[in-house]
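In: Pasting the sequence and the predicted model now:
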Amino acid sequence: MKLLDNKMNKKGSFVDLFVFIIFAFIVAIIIVVFLYIGSITTTQLHASMDDMNLSDGTNNVSVVIDNTMGVTYSAYQTMRWTGILIFFGMIIGIFIGSYMVQTKPIFFIPYIFIVIIAIVVSVGIANAFELLMATEDMASTFAQTTAINWFILQLPIIVTITGFIGGLIMFSRLGKGEQQYYAYQ
């Protein structure tokens, strides 16, 4: 019976949607900033140091830049797709957390209010991201991250769908955990 009690104590949270919204925005901004810094750094290094030769004369600095910062910038390019995988992983985590929550029917109304507030917050986050996309300096970098841009701009719709599916998962299993608990005693 103790093994069953340990499994029953693992719970999700009602605020997973807010964590998802904030984390998605932060991850998207970090990815764009890393891509921007990598691009600017590589370009500036090439512009200012391409004509230099190393002391042995066999290699020039542009080869060294390509082998160091060029490889790093190429690695940053993969962040465009790993960010989307992180977002989908977080959505799956919300569904798993919703399954783990043991709740009473009285919490359905507060949950609806939480989802509505999360939708309103996600609209503000999507609008702020759209303003950032319009900046002249970073417009070319945002143009490289089309999937992340789409995901963040569609965040209110994604939060709505995720919140209501999470609620269905959470409230459709009402009483099932209690029935399993009492069946083993």
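Out: Received, thanks.
In: M69 and T41 touch, don't they?
Out: Yes: with contacts defined as CB atoms under 8 Å, M69 counts as touching T41 at a distance of 5.9 Å. The C-beta positions use only the backbone N, C-alpha and C, and glycine is treated the same way.
In: between those two, who's got more neighbours?
Out: Neighbours were counted for M69 and for T41 using other CB atoms under 10 Å; M69 has more, 17 against 14.
In: Confirm that that one sits in a helix.
Out: Yes: counting by DSSP: H, G, I helix; E, B strand; the rest coil, M69 is found in a helix.
In: so how far is the one helix or strand I96 maps to off the chain centroid?
Out: In this assignment (DSSP states H and E), I96 forms part of helix 79-100. Remark: helix 79-100 is offset 7 Å from the chain centroid, using CA atoms, centre = their mean, to the nearest Å.
In: do you know how far I92 is from A139?
Out: In this structure, I92 and A139 are separated by 32 Å, where distance is defined by CB to CB, to the nearest Å.
In: ok, now P110?
Out: From P110 to A139 the distance is 41 Å (CB to CB).
In: again with V115
Out: Separation of V115 from A139 (CB to CB) stands at 33 Å.
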